[in-house]
Structure formats: C-alpha cells, structure tokens
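A.B. asks: take a look and give me a structure for this.
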Amino acid sequence: MTHAIRIHQTGGPEVMQWEKVEVGAPGKGEVRIAHKAVGLNYIDVYHRTGLYPQPLPATLGTEGAGVVEAVGEGVEGLSVGDRVAYAGPIGAYAEARLIAADRLVKLPDAIAFDTAAAMMLKGMTVDMLLNRVRQTKAGETILVHAAAGGVGLILTQWAKAIGATVIGTVGTEEKAALAKAHGCDHVILFEQGDWVVEVAKLTDGKKVPVVYDSVGKATFLKSLDVLAKRGMLVSFGQASGAVEPFPPGLLAQKGSLFLTRPTLFDYIAEPDELRASAQALFDMVTSGKVKIDIGQRFALKDAAEAHRALEGRRTTGSTVLTVG
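C.D. replies: The predicted model follows:
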C-alpha cells in the first residue's frame, strides 16, 4: 500500500486527506512511477474547490517527477529505472501512481527531481505563452502580473533571453526584490499608486503589446487599459477570482484588442507537442538562461498547509511537495 492526498468532497484545504491507496500494476500503455517530488500549482486549488470539477474521490496534483517502477504492455521507449517527469493528468499527490506512458518525458540527468517537479507545468506554460499563443519578439515590452510567482519568474527569465523588456507587478517589497533578481526590468507594487499610470510612464505612453495575466478578476479590466492598439490580453489564471462578464464591444472601444484564455493541456495534447515543449524547457534550464526558484518545500502529507500558504499569498517562486 502507498499513500496519497485525496478529496471526497470539494471545499477548503481541510477536505484534503492523507490516505492509503492501492496503485496496482500498469495496464496497456501505462507505467507505474514512484514519485520523488510533486509540484504545487494554482490549478490544484481549482480542482479542490470544484471550480474545475473532477470525479470524486480524486487525488489532486498535475505535476511530478520520479522513477519508472513498472511498465505495461505495449509501452515503448520507457524502462524500469528511467527518470521521468510530467505535467498533465490529475493524480500527482501520491507516493506512486499509474499514468499513460505518452504523458511522460524522460528527465535529463542534469535536472534534479525537485527542480523538474517545480517547473514542468509552469515552464511548459511559459513556452506556450511566449512561443505559441503569441510569438514574443526581441525589443518588445511586455507586462507580467504576479511576476514573483512560479510562472512569473520563469516567464521573466525566458522573455529576457528572447530580448524583451519586462514590466512586472507584485504585491510586496520582498516579491519585488525577487522579481528584480530574476531579471524583471521594472517592478510595480499593486498597492502603491495606479499601475496603469505607471505602465504608461514606463512606455512613454505607448503602452504594451501584450499582458500576461494569471490574477484574473482583480486585474482584468485594468489590463485592457495598458494595451496598445491591437494588443493582446493573455488571461491564463484567476487567482483573485473569475473574470466577470463584459460586453465584447469593450475590446473594440479600447483599441481593437485581442483576448485569449489558453490552457496548457490544449497545447500539449499530442505526444509530439508535449515532447517539443518539454525539450524547449529543458534547453532553457540546462543552458542556464532560466533558473528554477523553489521558494518553499512541504512534505506531501502536509499538502493542505501548502495550499493555505499558496492561497494566502505567502509563497514565492515554485513550491515542491517532497516524497519520502
């Protein structure tokens, strides 16, 4: 028997239970992996609260790294003992799990398990945002909300490697220092003045061609106000709550703006897409252009405390749940 964090009902962190579970042998096309580290992401909160409904009972978590323990029928390219990582199917908050083999990528020896667990979902999300949702160009100035978060720190470094100028928003002086340490050119504190005015000043009134917004309700409308004509708002999260309905005509009024709400899993749905995105991430990390900041670690059994810290805005960078 092994253990996992499971929920039998939706709600607050208190619904998360550390339970014994039977993993079993892998079926056709599956492998069983023993986790070494598991990543914490805001989507885990959405699953726990029921914002993104899942069949219950459910094991939370969408990101992990570990070692292949057993291989099912028909699996090619993976063997017992291989180091692997993934971002995708829910069920990562477990000491061991079954997973479709085509959702796994082999982990380079140069990347540690905890680093992989801290970066797979966030890093491939950044690849999606900068390279596929919209192609970032050298010389552009972009705005990144929550610049000191797990995605924000990776996005800033990757954008700088491309040659972009990054304006980041954060909530505290501590987070401002962290964002600057990771290459953010200009950092704006939400609580100090009007950040729309600040963006206008920093761009000499030109505004920005793109805003990357994982905050949601609290920033959405103002994000439209900092976009240049035909600019794009990339809304990829809602940490402050769901965006309220608005008339599409508002996009026209504010400069023929574009709005997209991408999710990573639509961009890595095919195995070839997954491998290409993972390789792009591995290349950025092994080259040293992107460093993964693990701001805090919790034991897997203490995942509820990790959720409280995340929702309480007490985390910076990535959070890893350690196994064993």
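A.B. asks: in this structure residue 141 contacts residue 203, no?
C.D. replies: Yes: A contact is recorded between residue 141 and residue 203 when judged using Cβ atoms under 8 Å, the distance being 5.9 Å. C-beta here means a position set from N, CA and C on the backbone, and glycine is covered the same way.
A.B. asks: overlap of the contact sets of these two?
C.D. replies: Counting by Cβ atoms under 8 Å, 6 or more residues apart in numbering, the shared contacts of residue 141 and residue 203 are residue 167.
A.B. asks: just the pLDDT for residue 315.
C.D. replies: We have a pLDDT of 88 for residue 315.
A.B. asks: in this structure it contacts residue 297, no?
C.D. replies: No: because the distance of 10.9 Å does not satisfy Cβ under 8 Å, residue 315 is recorded as not touching residue 297.
A.B. asks: between the two, which contacts overlap?
C.D. replies: Applying Cβ under 8 Å, 6+ apart, one finds that no residue jointly contacts residue 315 and residue 297.
A.B. asks: tell me who's in contact with the most centrally placed residue in the chain.
C.D. replies: Most central residue of the chain, judged by C-alpha distance to the mean C-alpha position with Cα atoms, centre = their mean, is residue 122 at 3.0 Å. For residue 122, the residues meeting the contact criterion (Cβ under 8 Å, 6+ apart) are 39, 41, 150-151, 154, 318.
A.B. asks: just residue 140 next, same as before
C.D. replies: Residues counted as contacts of residue 140 (Cβ under 8 Å, 6+ apart) are 164-165, 208-210.
A.B. asks: any idea how far residue 175 is from it?
C.D. replies: Using Cβ to Cβ, to the nearest Å, we find residue 140 at a distance of 23 Å from residue 175.
A.B. asks: secondary structure element for residue 308?
C.D. replies: Taking DSSP states H and E as the definition, residue 308 sits inside helix 303-311.
A.B. asks: give me the residues contacting that helix.
C.D. replies: Taking Cβ under 8 Å, 6+ apart as the criterion, the residues outside helix 303-311 that touch it are 5, 13-14, 16, 40, 42, 44-45, 48, 60, 93, 296, 298, 315, 319, 321.
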